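Asks: Give me the fold of what follows.
(one chain, ligands or ions: 1)
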Amino acid sequence: MIAKQDFTLIGAGIMSATLGVLLKQLMPDAKISIYERLDKVGAESSDAWNNAGTGHSAFCELNYTPENEDGQVDISKALKISESFEVSKQLWAYLVKNNLLPANDPFINDIDHMSFVWGDENIDFLKKRHTALTAYPIFKDMLHSENFEEIREWVPLMMTGRNKDQKVGATRMPIGTDVNFGTITRGMIAYLQSCDGVEVFLGHQVEDIDDRKDGTWEIEVKDLHTNEEKTIHSNFVFIGAGGGALKLLEKSDIPEADGYGGFPVSGQFLKCNNQDVILQHEAKVYGMAEVGAPPMSVPHLDTRMLNGERSLLFGPYAGFSTKFLKNGSYFDLPLSIDAHNIFPMLRAGLHNLSLTKYLIEQVVQSPEERFKALEKYYPNAKIEDWELITAGQRVQIIKKDAKEGGVLKFGTEIVTNKNKTIAALLGASPGASTSVSIMLSVLNECFPMQVKSKAWQQKLTQMIPSLGRSLITDEKLCLSTRDYTTAILKLEDK
Ligand SMILES: Cc1cc2nc3c(=O)[nH]c(=O)nc-3n(C[C@H](O)[C@H](O)[C@H](O)COP(=O)(O)OP(=O)(O)OC[C@H]3O[C@@H](n4cnc5c(N)ncnc54)[C@H](O)[C@@H]3O)c2cc1C
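Replies: Down below sits the predicted model:
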């Protein structure tokens, strides 16, 4: 017999988990199936060791605030990302308050978010960025300094051994966070598994998706342990397969998928093994990306808090693999190329020669060259204290473009069909931090009438109290929302 579902979520990462939780809260009777090809939940990009764990709030990430040709710093993206992270914290606080996420497994920790630059141009940019951001309540508490000694007090490890004549600039936001997105994902899926009408199938790979005459979807799934295949019919499908999403989107044959391609970039970090050094640094410090580097390659020296243990990472360095998932296949990239996307992919390649050059340089660099990048942030670093680890795989979106032929995109994109019965999430930036806002966009796009209904509005506002109001400009709301999430998520009141 063919199983019938209201909702099928492909992949058990933070995106599917978040959408599943929102749907189950809004429609307690909904029948939901989640299929995950690995034997563990949240084990691809959402796992703590596969991402940098930064609660992206645009406090420290300089690539979210580009400088326009007229010298003005454009903060529009930063405002949006910062607000989105506050939205995520509200959903997580709701889940903790209602015992739907375990409170004894701390998944979010306080850690200062800092930006650090050198050179007149960069110092000037940072000052302008600080002035522009602090005009808004959401960034009000950001500190700025060009004083060597003051910055040494903030980050002694980075300033000891540095030439005192070097001009430096820094900003510091005391309410930054480090987040274990893997713990959140596993907590959310565990809650879903406890709900009536939800089934989670691990070790099950979705092989094909086809539309049916009645507007529903037929999904072919393979049990990877028994090789048994089964068919499911579903009213709605969410492709939350991370790097695997492009392949499944292509299989759905929806015309809206035409012209999309993907380009994989893997992340590597240097991990410190010297406990004395680890304890001397307590911040996430982001610098300036190199010329030609993709935005997600902004170097950062990062304190992480994982399962109560402190660690120190530097990176990311870009690696190249043709896999679309860390646990994927080397055929992922070649098999994703088809008649509909070959032209946009070639054009995007031609327009991004500096990126290609950067990636080649990254891949062929020696351990000593890699170490030199770290020394710019930590002058007294010793090579023997650091080991190279491989994090997750990102698939950057390549998209057909009327003017350029094809463009490389660094953000996320939701692709849906005309009937709004299937949605796929492509891209991975700013990522897990903004997962709640991204999944709210899926609801808005695919269920617009229900979202407007009184019942959904009431429930959504219960989960996200600031819904529909601006945390960017409404100072009182911003402060009270932060007080609320700080108390429930047991963050420090700063
Ligand atoms: C190096 C790196 C650093 C990052 N740093 C940050 C950061 O600091 N802050 C931040 O907010 N974000 C960061 N991100 C981004 C963040 O990790 C991702 O945006 C987020 O985890 C994506 O979640 P997801 O659920 O879409 O994908 P994933 O967590 O990858 O989950 C997708 C799941 O789908 C499964 N799957 C794939 N194909 C199939 C199939 N056919 N059938 C069944 N299952 C399938 C996979 O096995 C996987 O478990 C980083 C990412 C990388 C790679």
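Asks: Report pLDDT for the most centrally placed residue in the chain.
Replies: For the chain, the residue nearest the mean C-alpha position is residue 431 (1.7 Å; Cα atoms, centre = their mean). According to the prediction, residue 431 has pLDDT 91.
Asks: ok, now which ones touch it?
Replies: 45, 51, 56, 412 (Cβ atoms under 8 Å, 6 or more residues apart in numbering). Where you see a C-beta, it was placed from the backbone N, CA and C, and this is true even at glycine.
Asks: overlap between those residues and the residues near the ligand?
Replies: Filtering those for proximity to the ligand by Cβ under 6 Å from any ligand atom leaves 45, 51, 56.
Asks: Give me the buried entries from the residues you listed.
Replies: 45, 51, 56 (16 or more other Cβ atoms under 10 Å).
Asks: Provide a list of residues in contact with the second one.
Replies: Applying Cβ under 8 Å, 6+ apart, one finds that residue 51 lies in contact with 45, 181, 267, 391-392, 431-432.
Asks: repeat for the first one
Replies: Contact criterion Cβ under 8 Å, 6+ apart gives 13, 51, 242-243, 326, 392-394, 428, 431-432 as the residues in contact with residue 45.
Asks: Recalculate using a threshold of 10 Å.
Replies: Neighbouring residues of residue 45 by Cβ atoms under 10 Å, 6 or more residues apart in numbering: 11, 13-15, 51, 181-182, 242-243, 267, 325-326, 391-395, 428, 431-432.
Asks: measure stretch 132-152 end to end?
Replies: Distance between the two ends of stretch 132-152: 25 Å, counting by Cα to Cα, to the nearest Å.
Asks: Let's test this: mean pLDDT of that stretch, rounded?
Replies: Rounded mean pLDDT across stretch 132-152 is 96.
Asks: if we can go back for a sec, which ones among the contacts of residue 51 map onto strands?
Replies: Among these, DSSP state E puts 267, 391-392 in strands.
Asks: what subset of these is also close to the ligand?
Replies: Okay, of those touching the ligand (Cβ under 6 Å from any ligand atom), that's 267, 391-392.
Asks: how about TSV for the residues you listed, with pLDDT and neighbour count added?
Replies: What follows is those, written out as TSV (pLDDT from 0 to 100; neighbours: other Cβ atoms under 10 Å):
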residue	pLDDT	neighbour count
267	88	22
391	92	22
392	92	22
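Asks: now, among those residues, which is nearest to residue 253?
Replies: residue 392 (28.3 Å; Cβ to Cβ).
Asks: which residues touch the closest one?
Replies: 43-47, 49-52, 242-243, 266-267, 316, 325-326, 428, 431.
Asks: now with 6 Å?
Replies: 45, 50-51, 326 (Cβ atoms under 6 Å, 6 or more residues apart in numbering).
Asks: Which residue ranges of the stretch 201-350 of the chain form strands?
Replies: Remark: strands assigned in the stretch 201-350 of the chain by DSSP state E, counting those that start in this stretch are 204-211, 217-223, 229-239, 260-272, 284-286, 300-306, 309-319.
Asks: what does the shortest one rub up against?
Replies: With Cβ under 6 Å, 6+ apart as the test, strand 284-286 has contacts from 54, 60-61, 111, 113-116, 298, 300-302.
Asks: repeat that with 8 Å
Replies: 54, 60-62, 111-116, 155, 158, 176, 178, 298-303, 377.
Asks: contacts with the ligand among these, please.
Replies: Applying Cβ under 6 Å from any ligand atom to the contacts of strand 284-286, those adjacent to the ligand are residue 54.
Asks: Show me the contacts of strand 284-286 that map onto strands.
Replies: 113-116, 178, 300-303.
Asks: Any of the residues you listed buried? List them.
Replies: Buried among the ones in strands among the contacts of strand 284-286 (16+ other Cβ under 10 Å): 113-116, 178, 300-303.
Asks: what about stretch 286-294, near the ligand?
Replies: No: shown here: stretch 286-294 not in contact with the ligand (Cβ under 6 Å from any ligand atom), separated by at least 10.2 Å.
Asks: gap between that stretch and the chain center?
Replies: Relative to the centre of its chain, stretch 286-294 is centred 18 Å away, using Cα atoms, centre = their mean, to the nearest Å.
Asks: begin at 507 from here
Replies: Happy to do that; since the first residue is 507 now, the last one works out to stretch 792-800.
Asks: tell me which residues of that stretch are tucked away?
Replies: 792-795, 799-800.
Asks: What of stretch 973-980?
Replies: 977-978.
Asks: what's next to it, contact-wise?
Replies: The contact list for stretch 973-980, computed with Cβ under 8 Å, 6+ apart, reads 585, 588-589, 592-593, 642-644, 963, 966-967, 983-984, 987.
Asks: Among these, which lie within helices?
Replies: Among the contacts of stretch 973-980, the members falling in helices (DSSP state H) are 585, 588-589, 592-593, 963, 966-967, 983-984, 987.
Asks: Same list, these, but only the ones touching the ligand.
Replies: The subset of the ones in helices among the contacts of stretch 973-980 within reach of the ligand, by Cβ under 6 Å from any ligand atom, is empty.
Asks: Tell me where the model's unsure across the stretch 757-906 of the chain.
Replies: Applying pLDDT under 70 to the stretch 757-906 of the chain flags residues 797-798, 801-802.
Asks: By proximity to the ligand, which residue of it wins?
Replies: The nearest approach of the stretch 757-906 of the chain to the ligand comes at residue 773, 2.6 Å away (Cβ to the nearest ligand atom).
Asks: so what's that residue up against?
Replies: Listed by Cβ under 8 Å, 6+ apart, the contact partners of residue 773 are 556-558, 802, 821-825, 896-900.
Asks: Is residue 917 in contact with residue 932, as I believe?
Replies: No: proximity of residue 917 to residue 932 does not meet the contact threshold set by Cβ atoms under 8 Å, at 9.4 Å.
Asks: Please enumerate the shared neighbours of these two.
Replies: residue 903.
Asks: Cool, thanks, signing off.
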